[in-house]
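Asker: Test case, fold it:
(one chain, ligands or ions: 1)
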Amino acid sequence: MQHVSLSFGKRTILQDAHMTIQQGEFIVVLGPNGAGKSTLLKMLLGLINATSGRISVLGRSPRSGNKDIGYAPQHRTLGGDLMLRARDLVGFGLDGNRWGFSLPSRKRDTIIYQALEEVNALHYADAPVGQLSGGEQQRLLIAQALLTHPHILLLDEPLASLDIARQQDIVTLVGNVCRARGVTVLLVAHDINPLLPVLDRIIYIANGQSLIGTPDEVITSANLSRLYNSPVEVVHALDRIFVVGAEV
Ligand SMILES: Nc1ncnc2c1ncn2[C@@H]1O[C@H](COP(=O)(O)OP(=O)(O)OP(=O)(O)O)[C@@H](O)[C@H]1O
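Answerer: The predicted structure is shown next:
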């Protein structure tokens, strides 16, 4: 991103943002509610255009339907009455692409099988999605996003409403995929702590400003006090980072 700005009416979401992400990096996107984290992902997907500046994704301008990007949007738990089978939900990852419909069914089944296997979801492949737990559903959404073997994986709050053990499962899963496949990951989260073992750098967005760097570079009392325009204290304890005085 070079000098990228984005406003919705009078509201500035990003102002003169400048950042480069390398292939294979694991990036966590942090910031308060409404800061623009999901919007940043949508800009990379070509769903929202910058007001000014230049964005390049794998050497090209953002364009919708880019199968080099896998995307799992923010989701609330899928309804208890949803009778769709887990394997069918994952299969939607193929149907969103032009070549998906033309695949022979055996080839299609194999791709879906491999994706379910990669996220350790084979044992509930035929279960109705609505009856699965939040963590089980999240694995399916990640499998769906990985189906076209993308170079970039965009995950919008995949840890929301999961307990600590399930969060750790998803973090380990995504970290392994990132390393094994060399996939660049941008993962939106509200708590950095479960992600500290796997992340390379973070992007922090607040009040139209953005910072990129390692947690130690970005999450400092001085930086966050400046972003929030009010006193914020960053405390390190028990190998965790606590931000006091700001909603993250
Ligand atoms: N297409 C749009 N038109 C106008 N305003 C929009 C549009 N998309 C998002 N916004 C606004 O931009 C702001 C940023 O929204 P976004 O969803 O990116 O925030 P977020 O950081 O992901 O928040 P949360 O943590 O609550 O999910 C919000 O105030 C939202 O209402």
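Asker: next SSE after the longest helix along the chain?
Answerer: If you go by DSSP state H, the chain has its longest helix at helix 164-181. Later in the chain than helix 164-181, the nearest helix or strand by DSSP states H and E is strand 184-188.
Asker: Enumerate the positions of the longest helix of the chain that are buried.
Answerer: Going by neighbour count (16 or more other CB atoms under 10 Å), the buried part of helix 164-181 is 166-167, 169-171, 173-175, 177-178. Using the backbone N, CA and C atoms, a C-beta is placed for each residue, glycine as well.
Asker: for those, which one is nearest the ligand?
Answerer: Among the buried residues of helix 164-181, Q167 lies closest to the ligand (CB to the nearest ligand atom), at 16.4 Å.
Asker: got CSV for the buried residues of helix 164-181, with pLDDT too?
Answerer: As requested, those are arranged in CSV below (pLDDT from 0 to 100):
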residue, pLDDT
R166, 90
Q167, 92
D169, 91
I170, 92
V171, 95
L173, 92
V174, 94
G175, 94
V177, 88
C178, 89
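Asker: what about the helices in the protein?
Answerer: Going by DSSP H, the chain shows helices at 37-44, 86-95, 105-118, 134-146, 164-181, 215-218, 221-228.
Asker: quick one: contacts of the first one?
Answerer: Put plainly, it is helix 37-44. 4, 6, 13-14, 29-31, 48-50, 55, 57, 62, 69, 71, 73-74, 152, 154, 156, 186, 188, 203, 205 (CB atoms under 8 Å, 6 or more residues apart in numbering).
Asker: Can you select the buried ones from those residues in PyMOL?
Answerer: In PyMOL, a selection of the buried entries from the contacts of helix 37-44 looks like this (16+ other CB under 10 Å):
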select buried, resi 4+6+13+14+29+30+31+48+50+55+57+62+69+71+152+154+156+186+188+203+205
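Asker: Contacting the ligand as well, which ones from the contacts of helix 37-44?
Answerer: Counting by CB under 6 Å from any ligand atom, 13, 31 from those sit close to the ligand.
Asker: Give me the subset of the contacts of helix 37-44 lying in strands.
Answerer: Among the contacts of helix 37-44, DSSP state E puts 4, 6, 13-14, 29-30, 69, 71, 152, 154, 156, 186, 188, 203, 205 in strands.
Asker: can you give me the angle the helix or strand of the chain with the lowest mean pLDDT makes with helix 105-118?
Answerer: Within the chain, no helix or strand scores below helix 86-95, which has a mean of 86 by mean pLDDT, DSSP states H and E. Per axes from the mean of the first three to the mean of the last three CA atoms, to 10 degrees, the angle that helix 86-95 makes with helix 105-118 is 110 degrees.
Asker: distance between helix 86-95 and the chain's centre?
Answerer: Put simply, helix 86-95 sits 19 Å off its chain's centre (CA atoms, centre = their mean, to the nearest Å).
Asker: Would you mind listing the buried residues in it?
Answerer: In helix 86-95, counting by 16+ other CB under 10 Å, buried: 86-91, 93-94.
Asker: One more: stretch 10-19?
Answerer: So for stretch 10-19, counting by 16+ other CB under 10 Å, buried means 13-15, 17.
Asker: circling back to that earlier point, can I get the buried residues of helix 86-95 in TSV with distance to L211?
Answerer: Below are these laid out as TSV (distance: CB to CB, whole Å):
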residue	distance to L211
A86	39
R87	41
D88	41
L89	36
V90	36
G91	39
G93	33
L94	37
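Asker: Close to the ligand: what parts of this structure are there?
Answerer: 8, 13, 31, 33-39.
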